[in-house]
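In: quick one: sequence plus predicted model below, questions after.
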Amino acid sequence: MPSASFTAARPLIPGLLVSLASVALAFGVHALIPALPAMTVAVVFGILAANLPGSSAAIAGSLRPGLNAAGKHFMRAGIVLLGLKLVLGDLLNLGWRTVGLVIGVVLLSFLGTWALGKAFRLPGDAPLLIASGFSICGASAIGAMSSVRGTAQKDTVLPVALVTLCGTLAIGLLPLLSGPLGLTPLEFGQWVGASVHDVGQVVATAQTAGAAALAAAILIKLTRVMMLAPMVAIASLAERRNRSAETERKMPPIVPLFVIGFLAMMALRSTGWLSEAVLETGAIIQDVLLGAALFGLGSAVRVRELLGSGLRAVTMALLSWLLIGVLGFFAIHLINA
């Protein structure tokens, strides 16, 4: 007789398997076209699956429980492993001036995007989630912030779609601006790291200017990723305060468990104890988990509904993208002054 846990998990299996299979296809596309990040491809696959006549019924039906589970639980596990990309020594070697400027870009872009979301009257948690994704680390930050806020998964769809849209635009547009703006490869990499949303999008954009640009972009970007833990902790404290008068609602932890895991992985990586093989394995598992989560989130996007209600959000996101690009541009000139 099957155990109770297996019986409860059985409805999730088809959707989870489909989300994992989609990641394999996304990696295949990335291998053929390196300029397309696998995470972006996974989101696009999810959107296509949800809107094509041949697959939309299954996506909305038998596969939905597993896809929802992937979007929630795989995302949290992927955020934990994201900590393995951070080495505190590397970040401190940037110097306090650089770290301070990058933190300033994160805070100003977060507040500016949140204010734009409010000005455009986006509903619910959309301004907060879009601000988190654009200013910190894309869909990972959206997933982390939505977990703290208790945001319904369907309400994370628009922020994830906007991060994907603007990050994809960055891959094509920013390299074209490097020459007219007079940026050296190093400055271009720093600018990309300071202003592009997702880690994969940063890599795809910066690698067009060479190894020096890519190294600078990753280091600056990971400094932004470092802000995930304190920003989520602050949001959790604010949510606890908001719920304090509503005793029937479960209080979120001050620091969510997956954020503690993220910090633990960062500390472990910083010890230098982990071999390259272990780090490479962790990076692969993280990509698989986040890719599966993003497919699950993308599969909740209904293009017809998005086009009907998302025009204001798209306009707001493009303005935020411009704001972050300008802030990042001025920051890298102050770094190199």
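Out: Perfect, thanks for sending it.

In: from here on, contacts and neighbour counts on C-alpha atoms
Out: OK.

In: low-confidence stretches in the stretch 101-250 of the chain?
Out: Scanning the stretch 101-250 of the chain for pLDDT under 70 picks out 243-250.

In: mind running it again at 90?
Out: Scanning the stretch 101-250 of the chain for pLDDT under 90 picks out 123-124, 137-140, 147-158, 160-172, 197-201, 203-204, 207-212, 214-215, 222, 233-250.

In: tell me where it has helices.
Out: With helices called from DSSP state H, counting those that start in this stretch, the stretch 101-250 of the chain shows them at 126-132, 139-149, 157-178, 185-195, 199-206, 211-225, 228-243.

In: for residue 140, see how far away residue 58 is.
Out: Separation of residue 58 from residue 140 (CA to CA, to the nearest Å): 26 Å.

In: in terms of neighbours, single out the busier of these two.
Out: Counted by other CA atoms under 10 Å, residue 58 and residue 140 do not tie: residue 140 has more neighbours, with 26 against 14.

In: residues in contact with the more buried one?
Out: Residues in contact with residue 140 (CA atoms under 8 Å, 6 or more residues apart in numbering) are 75, 78, 79, 133, 290.

In: in terms of helices and strands, where is the second one?
Out: So the one you mean is residue 78. Element membership for residue 78, per DSSP states H and E: helix 75-82.

In: which other helices and strands contact the next helix or strand after that helix?
Out: For helix 75-82, the following helix or strand on the C-terminal side (DSSP H and E) is helix 88-93. Counting contacts by 3 or more CA pairs under 8 Å, 6 or more residues apart in numbering; DSSP states H and E, helix 88-93 packs against helix 211-225, helix 257-271.

In: what's in contact with helix 88-93?
Out: Here helix 88-93 makes contact (CA under 8 Å, 6+ apart) with 99, 219, 222, 223, 266, 267, 270.

In: which one of the residues you listed has the most neighbours?
Out: Counting by other CA under 10 Å, top hit in the contacts of helix 88-93: residue 223 with 27 neighbours.

In: from residue 161, how far out is that one?
Out: Using CA to CA, residue 223 is found at 24 Å from residue 161.

In: in CSV, list the contacts of residue 140 along with distance to residue 126.
Out: Below are the contacts of residue 140 laid out as CSV (distance: CA to CA, whole Å):
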residue, distance to residue 126
75, 18
78, 22
79, 20
133, 10
290, 21
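
In: if you rank the residues you listed by neighbours, which is first?
Out: In the contacts of residue 140, the most neighbours by other CA under 10 Å go to residue 290, 30 neighbours.

In: now do the contacts for it.
Out: Contacts here follow CA under 8 Å, 6+ apart; on that basis residue 290 touches 39, 74, 75, 78, 79, 140.

In: now tabulate these in a markdown table and tack on distance to residue 157.
Out: A markdown table is the format used below for these (distance: CA to CA, whole Å):
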| residue | distance to residue 157 |
| --- | --- |
| 39 | 15 |
| 74 | 16 |
| 75 | 14 |
| 78 | 18 |
| 79 | 18 |
| 140 | 13 |
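
In: tell me if I'm right that residue 197 and residue 136 touch.
Out: Yes - at 6.7 Å, residue 197 counts as touching residue 136 under the criterion of CA atoms under 8 Å.

In: what's the end-to-end length of stretch 183-202?
Out: Using CA to CA, the end-to-end distance of stretch 183-202 comes to 16 Å.

In: oops, could you answer that again for stretch 218-235 instead?
Out: 26 Å.

In: show residues contacting that stretch.
Out: By CA under 8 Å, 6+ apart, the list of residues contacting stretch 218-235 reads 85-86, 90-91, 99, 102-103, 106, 135-137, 141, 144-145, 148-149, 190, 193-194, 199, 202-203, 254-256, 259, 262-263.

In: show the buried residues in those.
Out: Buried by 16 or more other CA atoms under 10 Å: 85-86, 91, 99, 102-103, 106, 135-137, 141, 144-145, 148-149, 190, 193-194, 199, 202-203, 254-256, 259, 262-263, out of the contacts of stretch 218-235.
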